[in-house]
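K.L.:
I would like to see how this sequence folds:
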Amino acid sequence: MTKSKDQNEVTLLSPFEAVFRDVLDYYSQTRSQVFKLEKWEYQAVFDNVIKSRFAGDAKKALDRLRQSFHDARLQENSEGKRYLGELRGLMWQGMDQIFSLLDAHKKDDGVLLKVRATLQKALVAQDLPAARQTVKDVLAALAELEKTRQEDYSALQNSFKKQMETLQSELQTVQSQLQLDGLTQVYNRATFDQQIRKTTQFSFLTGQKSCLIMLDIDHFKKINDSYGHPAGDAVISNFARALTQSFPRKTDFVARYGGEEFAVILQGTDLHETNELVAKLLGRIRGMKISHNDQDIAFTVSAGVALYQSGEPMEQWLKRADKALYDAKQQGRDRLILAA
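P.N.:
Sure, this is the predicted structure:
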């Protein structure tokens, strides 16, 4: 007994509805990771405003806070629209394939109508042998069509699932690339640019002390020239690991700024404590030896530290830390300089 057209469509569409639902659930579950934003301590922010910490600048502070949320939403919406655009495109592609199949099956229905007409003629003519043979032909044709349709449905469903899996995999890859440096697995430059902006705004609004540390591996070109670029990559990776171990708090932020240069943002940390932490790090680096191709590679690091000064622009904070790092290089390397 053949299925009706409606039953065929239900049989065909139901697995795709399940796939759509799974993908949308996945999107919902990973959304917080894809569009991860710094957790704002709203109460602390508005308590400071209410206490008139900013005096006549309270309106300016609130305007900056409002703008920061606006910028974050714009970024989130941009990424969301891109992903949903790809998802919609995939769904439309799937629907096009489904309707192409249905159109092909309509042609098959036309063939069956012709066979049925032949059967009717044989019955009217009371040609029982011909009718019997026609019935056999009809049953054989129905069986073959049903088999072909099920194969078509299965192939389409498998194809669609694979495309969905590819889209999910690409989403995870994009998420990772947006946040992490490929070699070191610490945060990358793009994520650092976002974090320093947020930290600047938050420190301005709450009065929280924050320090920016810029670090650079000394004579890194010489390491590459003497031992080769794979050895240089090994030095960078081990230095990144030492940074994450030296600054392990949840609020500590470690990023690869570019090449052999790194940046660390410490929130809720004053200049004295930061100075001690960086001094310990430099001492630890002096005692490290990186083994590569049966050779031990020693290296040192220079650092510049700047405490955020209330009201200064993010660019100025970064510039002061970078200037301190430059001074450390100029004064002999393997040292820490505090920004003016």
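
K.L.:
give me every residue that touches Thr300.
P.N.:
Residues in contact with Thr300 (C-beta atoms under 8 Å, 6 or more residues apart in numbering) are Ile217, Asp218, Leu282, Ile285, Arg286, Arg333, Asp334. Heads up, the C-betas are built off the backbone N, CA and C, glycines and all.

K.L.:
give me the spatial nearest neighbour of the first one, chain neighbours excluded.
P.N.:
Same thing as Ile217. Nearest-residue entry for Ile217: Glu260, 4.1 Å, with adjacent residues in sequence omitted and distances by C-beta to C-beta, 6 or more residues apart in numbering.

K.L.:
what about the strands in the stretch 151-300 of the chain?
P.N.:
Ranges of strands in the stretch 151-300 of the chain, per DSSP state E, counting those that start in this stretch, are 210-217, 253-258, 261-267, 290-292, 295-297.

K.L.:
need those strands in JSON lines (columns: distance to Ala143).
P.N.:
Formatted as JSON lines, the strands of the stretch 151-300 of the chain follow (distance: least, C-beta to C-beta, whole Å):
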{"stretch": "strand 210-217", "distance to Ala143": "72"}
{"stretch": "strand 253-258", "distance to Ala143": "63"}
{"stretch": "strand 261-267", "distance to Ala143": "69"}
{"stretch": "strand 290-292", "distance to Ala143": "67"}
{"stretch": "strand 295-297", "distance to Ala143": "72"}
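
K.L.:
quick one: which of these is nearest Glu315?
P.N.:
Comparison of those against Glu315 by C-beta to C-beta identifies strand 210-217 as nearest, at 11.8 Å.

K.L.:
give me the helices and strands touching the closest one, please.
P.N.:
Applying 3 or more C-beta pairs under 8 Å, 6 or more residues apart in numbering; DSSP states H and E, one finds that strand 210-217 contacts helix 189-206, helix 229-246, strand 261-267, helix 271-286, strand 301-307, helix 314-330.

K.L.:
just so I know, which of these lies nearest Ala155?
P.N.:
Among the helices and strands packed on strand 210-217, the nearest to Ala155 by C-beta to C-beta is helix 189-206 (40.6 Å).

K.L.:
dump the residue contacts of Ile236.
P.N.:
Taking C-beta under 8 Å, 6+ apart as the test, what Ile236 contacts is Leu183, Thr184, Ile217, Arg256, Glu260.

K.L.:
among the residues you listed, who's most crowded?
P.N.:
The most crowded member of these is Arg256, carrying 25 neighbours; neighbours defined as other C-beta atoms under 10 Å.

K.L.:
my read is that it contacts Gln185, right?
P.N.:
No: counting by C-beta atoms under 8 Å, Gln185 is not a contact partner of Arg256; they are 9.4 Å apart.

K.L.:
quick revisit: in JSON lines, list the helices and strands packed on strand 210-217 along with mean pLDDT and distance to Ala117.
P.N.:
Converted to JSON lines, the helices and strands packed on strand 210-217 look like this (pLDDT from 0 to 100; distance: least, C-beta to C-beta, whole Å):
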{"stretch": "helix 189-206", "mean pLDDT": "88", "distance to Ala117": "68"}
{"stretch": "helix 229-246", "mean pLDDT": "96", "distance to Ala117": "75"}
{"stretch": "strand 261-267", "mean pLDDT": "97", "distance to Ala117": "80"}
{"stretch": "helix 271-286", "mean pLDDT": "96", "distance to Ala117": "88"}
{"stretch": "strand 301-307", "mean pLDDT": "98", "distance to Ala117": "88"}
{"stretch": "helix 314-330", "mean pLDDT": "97", "distance to Ala117": "80"}
